[in-house]
Each structure stands twice: as C-alpha cells, then as structure tokens.
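**Student:** curious how this folds, go ahead:
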Amino acid sequence: MNSQDRSYLNKNNNPVKENASGWVLTTSFGSSVISGMLIGLLIEYFFDINPYGVVGGIILGCFSGYYKLWVYSRKLTDES
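**Tutor:** Residues are numbered from 1 along each chain as shown. Got it, this is the predicted structure:
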C-alpha cells in the first residue's frame, strides 16, 4: 500500500469525525430549543401564563443553543 491508499488513517483528515461533529452541533442546538420549550410548558402549567412560557422558553433555548455553537466554534478555531 502506498501513502495515498492510507490517507483514511490520517487523523487530521477524517470525514467521519467531521460529519459526526456536525450532527453533534445539530442535535445540541435542537435539544436546547426543545428543552427550553418543555420548561416553558411547565411554567405555563404551574403559573397559567399562556403562551408566554413557551415563547420565552423557546427564545432562551435558542440563546442557549447559539451559545453552545459559539463555544464549539471557538474551540475549533483555537485548535487550528
């Protein structure tokens, strides 16, 4: 085998890892929004403030998701 055939062994050029990190970011952002919405539903249920609990929860979930994306992108730029 020549070096070109073993290019998949290079850890810096791993397409599977790059694809997995994209899925991690997507599910992290989605779970932040969904958890914010569920917390908003609980707040609505206990305090009877329709629809402000869900709307506020989704907004806070989006902020949390964007913050996670920002932290991850800072980590990637520091590694480069």
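**Student:** buried residues of stretch 45-63, list them for me.
**Tutor:** G53, V54, G56, G57, I58, L60, G61 (16 or more other CB atoms under 10 Å). For the C-beta atoms, the positions are set from N, CA and C on the backbone; glycine is no exception.
**Student:** got a list of contacts for it?
**Tutor:** Defining contact as CB atoms under 8 Å, 6 or more residues apart in numbering, one finds that stretch 45-63 is touched by 32-44.
**Student:** how about low-confidence regions in the protein?
**Tutor:** For the chain, residues meeting the criterion pLDDT under 70 lie at 1-18, 80.
**Student:** re earlier: name the nearest of the buried residues of stretch 45-63 relative to S28.
**Tutor:** Using CB to CB, G61 comes nearest to S28 of the buried residues of stretch 45-63, at 11.2 Å.
**Student:** distance of that closest one relative to T77?
**Tutor:** Counting by CB to CB, to the nearest Å, the gap from G61 to T77 is 25 Å.
**Student:** and for M37, the neighbour number?
**Tutor:** Neighbours of M37 under the rule other CB atoms under 10 Å: 18.
**Student:** does it count as helix, strand or coil?
**Tutor:** At M37, secondary structure determined by DSSP: H, G, I helix; E, B strand; the rest coil is helix.
**Student:** ok, it to W70 distance?
**Tutor:** From M37 across to W70, the span is 21 Å (CB to CB).
**Student:** which other residues reach stretch 72-80?
**Tutor:** Contact partners of stretch 72-80, identified using CB under 8 Å, 6+ apart, comprise L25, S28.
**Student:** quick one: that stretch to chain centroid distance?
**Tutor:** Computed by CA atoms, centre = their mean, to the nearest Å, the separation of stretch 72-80 from the middle of its chain amounts to 15 Å.
**Student:** could you dump the contacts of stretch 45-63 to TSV with distance to N19?
**Tutor:** Output for those, formatted as TSV (distance: CB to CB, whole Å):
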residue	distance to N19
S32	21
V33	22
I34	22
S35	24
G36	27
M37	27
L38	28
I39	31
G40	32
L41	33
L42	35
I43	37
E44	38
